[in-house]
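Colleague: this is a predicted model, with the sequence first.
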Amino acid sequence: MVIVQLADGMLSIGGVSRFIYNLTLKLEEQTNRAISAVYELEENNNWGEQSLNIIKLDDNNETSYKKISGCNPDLIVWHVSIRTIGLVRELSKKYPVLAIVHSIPCPSGTRLFRDKDEICYITSGAKCLQNWYTRRCGTNPSPTKAVKSLLVHKTMMNTLKSCNWVYTISKSMKSYLMQEGIREEQITIFDVSLGSVLELPKEINIVEKNNDDPIHILFMGRLSYNKGVQYLIKAVKILLDEGMKVTCTIAGKGWFESKLVQLTEELNLSHTIAFIGSVPGTDVGKWYEAADVIVVPSILPEPAGLVVPEARSYGKPVVVFNVGGLAEWNEYITGISNAEAPDPYSLARTIKQTMKKEEVPQVKMNYADERVDIVDQIGKVLISNQAAK
């Protein structure tokens, strides 16, 4: 069977690219031919030794349609994004489409009121245009951009409603999709870790420190306002002021990096916090190994965050803010600690408490009960489609 995964890009960093790579390997283990069709393609895009079969698309939907149609796909797996909407609408007229929602359904893409860094629970509509400015949820000041974003969001939701199947990665994401009009029975929550959560190490590697050895904190991800690294920087300052020895590595790139560096300098933390830039997927392991605790301080309701089980796979404790799907990992995996968002004092306190914990973590039994195997689901869809022909 031929499966075409349609996405914005296949990059050397980012959770969606990592997931596409891992899903491709799983699909090909089942003797499927898995092809990724993307608009953006970085040269160093592999997350492992195996190369992927990738088609590069352009913004001409007719040309891109022909490239995908030429593969004779049995199924389109749509990694939902704005850029791919038009192409999916055309492809769905001929091919079955299984949609995977990785990001928050929201005109601004964040569901975050940046005036107070509060989560938005409002159903999208005309109110969004007001909040775009009064609550600063929209980052672009253009009224035209605000209206266009709302209209595009509505088109995306309508496209999702027309898909044969809709899968997402957390209870939080499912609730947002239902709020936007996607039927509950149409949505299935799947295991974004593709089984790796069930194979996590049974022990957390908390290294005891003497008085002279600092605790090494690691952040791994994009450097944007919503990722909350500014709160991690403030938490590092709090820990140092309390007499705790700390070093922090911030791995990633993004538009907010200059502001984060500026904050680091203002708090006199340049000797403590290192910005190391992007880390290719093949190199992330050594950074996890070197860390004592991984912090994922996103202040928007992240869908799930593969970085959490990935970090735990190296035996490391993980601290997150208690918003969105990130906070749900605490329900299924021990070794995950939730801090109160967006409070740097709570974050600092939780980091300190995490390093003192002594526990034998394990995956909690209800994880497999509440999240289906997406590879198995795709297999059932293919069999059903073949029987219907």
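Modeller: Thanks, I have it.
Colleague: Leu382 contacts Asp74, doesn't it?
Modeller: Yes: the pair formed by Leu382 and Asp74 meets the contact definition of C-beta atoms under 8 Å, at 5.8 Å. C-beta: built from backbone N, CA, C; applies to glycine.
Colleague: what is in contact with the two at once?
Modeller: Counting by C-beta atoms under 8 Å, 6 or more residues apart in numbering, the common neighbours of Leu382 and Asp74 are Met1, Ile3.
Colleague: give the contact list for the spatially closest residue to Thr350 that is not a sequence neighbour.
Modeller: In space, and not counting its chain neighbours, Thr350 is closest to Ala339: 4.0 Å by C-beta to C-beta, 6 or more residues apart in numbering. If you count contacts by C-beta under 8 Å, 6+ apart, Ala339 has them with Pro297, Val319, Val320, Phe321, Asn322, Ser346, Leu347, Arg349, Thr350, Ile351.
Colleague: ok, Ala339 to Gly254 distance?
Modeller: Using C-beta to C-beta, to the nearest Å, we find Ala339 at a distance of 22 Å from Gly254.
Colleague: same question for Tyr133.
Modeller: From Tyr133 to Gly254 the distance is 24 Å (C-beta to C-beta).
Colleague: so between those two, which is more surrounded?
Modeller: Gly254 (17 against 12; other C-beta atoms under 10 Å).
Colleague: flag the shaky bits of the stretch 51-200 of the chain, pLDDT-wise.
Modeller: Within the stretch 51-200 of the chain, no stretch has pLDDT under 70.
Colleague: quick check: chain neighbours aside, which residue is closest to Leu263?
Modeller: In space, Leu263 is closest to Ile233, 5.4 Å off (C-beta to C-beta, 6+ apart).
Colleague: burial check on the closest residue to Tyr95 other than its chain neighbours, number of neighbours?
Modeller: Excluding the flanking residues, the one nearest Tyr95 by C-beta to C-beta, 6+ apart is Ile76, at 5.0 Å. Neighbourhood size, Ile76 [other C-beta under 10 Å]: 24.
Colleague: quickly run through the sheet partners of the strand or helix carrying Ile76, with directions.
Modeller: According to DSSP states H and E, Ile76 maps onto strand 75-79. Next to strand 75-79 in the sheet, as set by DSSP bridges, lie strand 2-10 (parallel), strand 97-101 (parallel).
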